[in-house]
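> Sharing a model prediction with you, sequence too.
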Amino acid sequence: MKRITLRAPRRAHGSVCQLCQFSKSFPRRHRTLHTTSISTPPRLNILLYPNATHATPQRRNFGPAFGLQNGIARRFASGVPNTGVHGDPEAMLQEVLKEFKTITSSPRVPSDEAVGQFLQRCSELVKIALSNNYKATLPPTPQGDNNATSSLLDLDVENGRNGNTISAVQTTPKKSTKTPSKKSSLQTKTAIKISSMLNDFLRDPKIFISPDVLRQYTLMQAQLMEAEHFPEIFSLYATKPIPNDNGSTITYHKPNPKTVKNAIPQELANIALDTAIEKKNLPLCLAIIDESFCKPAYYRSKIFRKAALPLAGLATAPTAAYAAASYISTLQTAMEPNTALWVSFSGILAYIGFTASIGMVAITTANDQMMRVVWIPGMPLRQRWLREEERAAMDKVAVAWGFKDPRRIGEEEGEEWESLREFIGMRGMILDKTDLMEGME
């Protein structure tokens with residue numbers, strides 16, 4: 001006897017296009033996947049789980065979980081930028097600007113902790129704004145576009161079974177062509193806002209520019225490639241009146257710009273100079289050198305850091321020499337102890353003085369580190385030693401503005417180059433001295 005296969009009649013579709021057929025307005029019927037789990041005898045369940053509540057086993061439905069639309073939704077949901085405050089540079093910028101207005105508009109002097117926390121937030125914002133993962137907050141896409149996109153992707157999958165696959169990956173380059181320019185413009189605007197805010201923050205009379213504040217400011221501006229205000233801030237670091245909060249009123253007292261603590265650190269000055277060189281701004285480079293390496297505070301700081309210990313050793317050398325001579329005079333019998341004492345003392349002092357003089361001359365006359373800028377003949381040795389960082393900075397600027405090819409050194413010309421040569425000559429230096437050039441020894 002033949003079996004007759006019964007099939008359910010298909011529902012007739014109206015005259016609609018394929019896009020409307022697969023849109024969300026006509027929900028699709030998902031096939032329900034039924035699975036049967038291995039059943040456990042009731043008695044065994046009672047023994048293993050006496051406190052468990054046994055319910056009637058039900059069939060699990062995996063249909064909606066593995067639907068095509070859900071998979072596509074999960075696929076595109078992973079690319080949505082995080083709109084949280086800590087991941088959105090625009091929201092973080094607004095919060096930082098709000099905190100900036102709160103600090104500057106307050107009638108009291110902010111504490112060092114508050115200033116440090118504010119600069120730390122600015123540093124985090126700078127890192128996020130300049131990172132490669134910077135994502136701008138875009139307006140939300142209308143719901144109708146999402147439906148059309150999902151419908152087109154459904155058509156892509158359905159048509160792929162018939163060999164008419166339309167690759168969605170081909171549209172990716174068209175979307176990414178405008179991303180770099182938009183990203184760079186947004187980053188530039190954010191960098192300009194942060195840089196201007198930092199400059200106004202340090203100009204505020206109530207803000208005390210400590211060494212840590214100056215360091216954070218220099219590093220952030222170097223990351224933002226905004227070096228135009230380095231000379232102004234370096235000058236404020238040494239000359240800005242120090243605020244003092246007395247409770248009801250704020251008093252200011254003028255600092256001494258020549259003290260050691262008001263010297264610009266060499267590391268920060270080099271960072272600022274490198275940033276100005278990358279910007280190809282010659283007047284800015286010379287201004288940074290003037291405000292950092294050419295100040296009396298920097299000379300005193302260098303003497304304190306590098307010459308204090310040798311000078312202390314020279315000061316204690318006579319006492320140490322006398323003690324050593326007294327001990328040596330007791331070890332001989334050829335001369336009287338008093339005569340041997342003074343002979344030994346004179347010999348030890350002569351050895352120390354001669355060796356120290358030779359070492360000082362060797363240090364101050366060394367020119368192996370010089371490339372294109374050297375001292376003019378007759379420059380005192382103490383000036384050479386004190387102003388070595390200034391000469392090195394001028395040398396760095398000359399190398400950056402001149403030809404990189406060693407065979408063309410000395411052939412530079414132009415208004416900027418001539419002004420640089422004249423500026424270096426006014427400082428007691430020579431640019432491209434012929435006697436020290438390669439092949440002219």
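Noted; the coordinates are in hand.

> May I see the buried residues of the lengthiest helix in the chain?
Assignment by DSSP state H gives helix 337-364 as the longest helix of the chain. Applying a neighbour-count criterion of 16 or more other CB atoms under 10 Å, one finds 340-341, 344-345, 348-349, 352, 364 buried in helix 337-364. C-betas here are computed from N, CA, C, even on glycine.

> helices or strands next to that helix in the packing?
Applying 3 or more CB pairs under 8 Å, 6 or more residues apart in numbering; DSSP states H and E, one finds that helix 337-364 contacts helix 308-329, helix 381-386.

> So residue 109 belongs to a helix, correct?
No: assigned with DSSP: H, G, I helix; E, B strand; the rest coil, residue 109 falls outside any helix and is coil.

> For it, which non-adjacent residue is closest in space?
Using CB to CB, 6 or more residues apart in numbering and skipping residues adjacent in sequence, the residue nearest residue 109 is residue 245, 4.0 Å away.

> Can you lay out the helices and strands packed on helix 337-364 as TSV showing mean neighbour count and distance to residue 335?
Shown next, in TSV, are those (neighbours: other CB atoms under 10 Å; distance: least, CB to CB, whole Å):
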stretch	mean neighbour count	distance to residue 335
helix 308-329	13	8
helix 381-386	15	39
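
> got those helices as a markdown table, with distance to residue 250 columns?
Compiled in a markdown table, the helices and strands packed on helix 337-364 are given as follows (distance: least, CB to CB, whole Å):
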| stretch | distance to residue 250 |
| --- | --- |
| helix 308-329 | 36 |
| helix 381-386 | 38 |
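
> Go through those helices and name the closest to residue 191.
helix 381-386 (37.0 Å; CB to CB).

> Who are the contact partners of the spatially closest residue to residue 318 that is not a sequence neighbour?
The shortest distance from residue 318 to any non-neighbouring residue, by CB to CB, 6+ apart, is to residue 349 (6.6 Å). Contacts of residue 349 were listed using CB atoms under 8 Å, 6 or more residues apart in numbering, and they are 317-318, 321.

> and of those residues, the nearest to residue 397?
The closest of these to residue 397 turns out to be residue 317 (CB to CB; 40.6 Å).

> my read: residue 345 touches residue 322, true?
Yes: with contact defined as CB atoms under 8 Å, residue 345 reaches residue 322; the gap is 5.6 Å.

> How is this protein divided into domains?
Domain assignment for the chain, taken from automatic domain parsing, gives 89-137+178-292, 299-364, 367-441.

> Report whether the expected contact of residue 424 with residue 433 is present.
No: taking CB under 8 Å as the definition, residue 424 is not a contact partner of residue 433, at 10.9 Å.

> Counting neighbours, go ahead and name the busier of those two.
Using other CB atoms under 10 Å as the criterion, residue 424 and residue 433 rank with residue 424 on top: 23 against 16.

> which secondary structure element contains that one?
Element membership for residue 424, per DSSP states H and E: helix 415-426.

> following that helix, which helix or strand comes up?
strand 429-431.
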